[in-house]
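[1] Below: sequence and its predicted model.
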Number of protein chains: 2
Amino acid sequence: MLVYGTKSFREHCREHGIAATHQRQVLYETMKTMHGHPSPEEVYARVKKKAPAISLATVYKNIHLFVESGVFRKVSMHHGPVRVEMNGEPHHHMVCSKCRKISDIGEKELGFVAKRNRLPGGFLVERYAVDVIGVCASCQMA
Amino acid sequence: MLVYGTKSFREHCREHGIAATHQRQVLYETMKTMHGHPSPEEVYARVKKKAPAISLATVYKNIHLFVESGVFRKVSMHHGPVRVEMNGEPHHHMVCSKCRKISDIGEKELGFVAKRNRLPGGFLVERYAVDVIGVCASCQMA
DNA sequence: TTGTAAGCGATAAAAGTTATCGTTTGATAA
DNA sequence: TTATCAAACGATAACTTTTATCGCTTACAA
Ligand SMILES: [Mn+2]
Ligand SMILES: [Mn+2]
Ligand SMILES: [Zn+2]
Ligand SMILES: [Zn+2]
């Protein structure tokens, strides 16, 4: 991940052609201190302590901006409306980062072998779900 | 996956202590024919052709029921509000199927090695995102 | 058959996200 | 420094997705 201190926040903004606003910087500094996998509402609650007048819309807009510029990351490609599948065969997914299309892929084609049944923290494994994130054939052509 | 014909749909309902309603059966039969990874709205649009009076609420309620009873499956544990993360180290996730808690896990602890850069259909791999689905330590105690 | 709890449809409400728009501010250059 | 103006902001409406509510209907078993 890109890591830059308070000072070079302005440089990052120049590189990406965006204004180094007060709100944007406080949001960035706040998020940097947050561990785990917060939702926009949780980020909003936290950043309001430092910038009480900030708008939820500004939080959303800048989270998108940070994600697009690679500063932070979404936890998954699958946020949003639920998707269900009727294919009961154990399989994994290829997810196109351009068009979001989801395709099935079996473990054999994937070359993936799940090894451990116990993981750090005493986590008991039920199954592995692999998302291969990349660019689908039609998006590569475009 | 459980697979049962029209006849044993009633048996499945008895096993799970639910009523074998007309709507529930039409919904099940319809979903069984759907490939890919449809949203509830897409399921609703399809099932309305066979049962025009069915309600969207009924579709949602029964999709939940089917998923809980293991007949069908959600594509991901991450549907719903977006989550961001500031941990820029490449890592994967353990997701508890009881409490939905998300924990980080590095590739080394996971024992996972991504092998291929090209996959069927000409999919170009950017990265692998592994979700280990299971039960966290505190949910095992409870 | 009949009683009753479960399930249904209609729809309101909640939750999450995006769009709109008038005002403010940051970046650039005079 | 000041003037200019596009970018960004806050407020909030609108939109999307999901859940809750409630009166009516139906499945089921007594
Ligand atoms: Mn699939
Ligand atoms: Mn993480
Ligand atoms: Zn694509
Ligand atoms: Zn748990």
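    Okay, I see it. Ligands and ions are numbered 1, 2, ... in the order given.

[2] If I take the strand ranked longest in chain A and strand B:123-135, what angle do their directions form?
    Counting residues, the longest strand in chain A under DSSP state E turns out to be strand A:123-135. Strand A:123-135 and strand B:123-135 are oriented at 160 degrees to each other (axes from the mean of the first three to the mean of the last three CA atoms, to 10 degrees).

[3] Output strand A:123-135 as PDB, restricted to C-alpha atoms.
    Output of strand A:123-135 as PDB, limited to C-alpha atoms (Å, rounded to 0.1, in the frame of the first residue of the first chain):
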ATOM      1  CA  PHE A 123     -10.700 -20.600  13.700                       C
ATOM      2  CA  LEU A 124     -12.500 -23.800  12.600                       C
ATOM      3  CA  VAL A 125     -12.500 -24.100   8.800                       C
ATOM      4  CA  GLU A 126     -15.700 -25.000   7.100                       C
ATOM      5  CA  ARG A 127     -14.700 -24.200   3.500                       C
ATOM      6  CA  TYR A 128     -12.500 -22.000   1.300                       C
ATOM      7  CA  ALA A 129     -14.000 -19.400  -1.100                       C
ATOM      8  CA  VAL A 130     -11.500 -18.100  -3.600                       C
ATOM      9  CA  ASP A 131     -12.100 -15.000  -5.700                       C
ATOM     10  CA  VAL A 132      -9.800 -14.700  -8.500                       C
ATOM     11  CA  ILE A 133      -9.800 -11.000  -9.300                       C
ATOM     12  CA  GLY A 134      -8.700  -9.900 -12.700                       C
ATOM     13  CA  VAL A 135      -9.900  -8.900 -16.200                       C
END
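
[4] for it, packing partners?
    With contacts taken as 3 or more CB pairs under 8 Å, 6 or more residues apart in numbering or on different chains; DSSP states H and E, strand A:123-135 sits against strand A:92-96, strand A:118-119, strand B:123-135. Backbone N, C-alpha and C define where each C-beta goes, glycine included.

[5] Rebuild the ones you listed as CSV, extending it with distance to residue A:78 and mean pLDDT.
    Conversion of the helices and strands packed on strand A:123-135 to CSV gives the following (distance: least, CB to CB, whole Å; pLDDT from 0 to 100):
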stretch, distance to residue A:78, mean pLDDT
strand A:92-96, 8, 95
strand A:118-119, 21, 76
strand B:123-135, 9, 94
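
[6] Ligand 2: which of those strands is closest?
    Counting by CB to the ion, ligand 2 lies closest to strand B:123-135 out of those; the figure is 9.8 Å.

[7] I figured residue A:107 hits residue A:127, correct?
    No. Under the criterion of CB atoms under 8 Å, residue A:107 makes no contact with residue A:127, lying 11.0 Å away.

[8] More neighbours: these two, which one.
    residue A:107 (15 against 11; other CB atoms under 10 Å in any protein chain shown).

[9] The next helix or strand after the longest strand of chain A near ligand 3 anywhere?
    As assigned by DSSP states H and E, the chain's next helix or strand after strand A:123-135 is helix A:137-141. Yes. Using CB under 5 Å from the ion, helix A:137-141 comes into contact with ligand 3 via residue A:139.

[10] Please export the C-alpha coordinates of helix A:137-141 as CSV.
    The C-alpha trace of helix A:137-141 is given here as CSV (Å, rounded to 0.1, in the frame of the first residue of the first chain):
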residue,chain,number,x,y,z
ALA,A,137,-11.6,-11.8,-21.9
SER,A,138,-14.1,-9.3,-23.3
CYS,A,139,-12.8,-6.5,-21.1
GLN,A,140,-9.3,-7.2,-22.2
MET,A,141,-10.4,-6.6,-25.8
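
[11] which helices and strands sit right next to the helix ranked longest in chain A?
    Longest helix of chain A, by residue count under DSSP state H: helix A:56-68. Counting contacts by 3+ CB pairs under 8 Å, 6+ apart, helix A:56-68 packs against helix A:22-32, helix A:40-47, strand B:84-85.
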